[in-house]
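**Student:** turn this into a structure:
(chains A and B)
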Protein chains: 2
Amino acid sequence: MKRNSKDSIIEAAITLFNRNGYDGTSIRDIAAHAHVNVANISYYFNGKHGLLEYCFTSYFEKYLEEIEDVYRDILLDPTEKLKKIAESIIHFHCLHPHLTRFVLREVSIDSQVVREIMSTYYVKERFYLTKILEEGIEKKQFKKQMISYSIIQLKSLLSMPFLNAFYLTEVLHVYVRESYFAKKYSEEIYRWIDEVICFHKESLSIP
Amino acid sequence: MKRNSKDSIIEAAITLFNRNGYDGTSIRDIAAHAHVNVANISYYFNGKHGLLEYCFTSYFEKYLEEIEDVYRDILLDPTEKLKKIAESIIHFHCLHPHLTRFVLREVSIDSQVVREIMSTYYVKERFYLTKILEEGIEKKQFKKQMISYSIIQLKSLLSMPFLNAFYLTEVLHVYVRESYFAKKYSEEIYRWIDEVICFHKESLSIP
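**Tutor:** Residues are numbered from 1 along each chain as shown, chains lettered A, B, ... in the order given. I've put the predicted structure just below:
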């Protein structure tokens, strides 16, 4: 029962943060939506800011784990690593659409908690992606490129559909929650990796 | 003097919306920041929601104008149109970094005003981009592709650095406000257009 009330608080918080924004949501709203007492939220999360931090931590711990697992896989070459990361992140985002949407929106705000995320999780993510890109360039699988700009593009492609799931549904009639989407969109990212990041296979076979 | 106070209200609103979120900003905060009376804001914008609508309208009117101008230019072929749109949007976003960041964050929320934007501005944008992509496919400049997925990618690439300007600065040390950025990033998008959307120039000359 206790476990259930903790989960329902988190679920209610993410729903309301997405609907009304973090600042537009009160502890009372969350308590009402989750059918718990305000005191329960204080007990588990020490208030609204604690809930926000909980959302960030649970997102980023899992997000980075996905990247680290691929980074450490010694059987994969740089191209395979990049593709596997794309696939894992898309899968992870598809599994947690509401949390993802909220976190991706919230990290665009310049706040203390976001600064901490930048200097921990995002600096680590940059480290892993940089290492993979550098290894690919060194092994002549990847074209010479400005690594920061490649990271911008990869992160753009992996975040936009989930942040803008509503746009995709309403305007493009593309449904992020359908299993078809994850498969199809992963292929699109593979194409970006093959064409923009890697040397083309044809041109490699010519000389 | 009147003109100045209207401008300073808008400027204060965008700054505070970005810093504290729309819901975390009160009319009083905006009035204090802009050094005007609360009554001035009511007079010009009919309250906070009016200010929000003003921000959206001024962003999207100009945004769509950039796309329409290129779409209507009969001297450009589809590839040139796509590149010119990318360049214009990047330039427009660089000119208005705060407004852009706020609007791009706000449209990820499912609200009444966002629904209206989807069904007007974004539907028009989809129309123009679809026409250009279809024309490119028909003229055999572009590969066969799922148009919705190409639009997702183009819009990803054109929005992420501006929504996440803070991430770019803090983590990647890339500065959206430097003129170098607009030039360099446009070239990255051209590369995406050339490699992912268009047939490669080499493979065109082979047969």
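**Student:** where does chain A dip in pLDDT?
**Tutor:** Along chain A, segments meeting pLDDT under 70 span A:1-3, A:201-207.
**Student:** contacts for stretch A:168-175 next, please.
**Tutor:** Residues outside stretch A:168-175 that contact it (C-beta atoms under 8 Å, 6 or more residues apart in numbering or on different chains): A:161, A:176, A:181, B:115, B:118-119, B:122-123, B:126, B:148-149, B:151-152. Every C-beta, even on glycine, is put in place using the N, C-alpha and C of the backbone.
**Student:** can you select the buried ones from those in ChimeraX?
**Tutor:** Per 16 or more other C-beta atoms under 10 Å in any protein chain shown, the buried members of those correspond to this ChimeraX selection:
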select /A:161,176,181 /B:118,122,126,148,149,151,152
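**Student:** make a markdown table out of the contacts of stretch A:168-175 and add distance to A:T100 and secondary structure.
**Tutor:** Below are the contacts of stretch A:168-175 laid out as a markdown table (distance: C-beta to C-beta, whole Å; DSSP: H, G, I helix; E, B strand; the rest coil):
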| residue | distance to A:T100 | secondary structure |
| --- | --- | --- |
| A:P161 | 10 | helix |
| A:V176 | 9 | coil |
| A:F181 | 13 | helix |
| B:R115 | 21 | helix |
| B:M118 | 20 | helix |
| B:S119 | 25 | helix |
| B:Y122 | 21 | helix |
| B:V123 | 25 | helix |
| B:R126 | 23 | helix |
| B:S148 | 20 | helix |
| B:Y149 | 19 | helix |
| B:I151 | 20 | helix |
| B:I152 | 15 | helix |
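**Student:** most widely separated two among the contacts of stretch A:168-175?
**Tutor:** The largest distance within these, taken as C-beta to C-beta, falls between B:R115 and B:Y149 and amounts to 23.1 Å.
**Student:** buried ones in the host helix or strand of A:Y43, by neighbour count?
**Tutor:** Assigned by DSSP states H and E, A:Y43 belongs to helix A:38-45. For helix A:38-45, burial by neighbour count (16+ other C-beta under 10 Å) applies to A:N40, A:I41, A:Y44, A:F45.
**Student:** got the contact list for the second one?
**Tutor:** Going back to what we said before, that points to A:I41. By C-beta under 8 Å, 6+ apart, A:I41 lies in contact with A:I9, A:I27, A:I30, A:A31, A:G47, A:K48, A:L51.
**Student:** sitting in strands, which of those do you find?
**Tutor:** Among the contacts of A:I41, DSSP state E puts none in strands.
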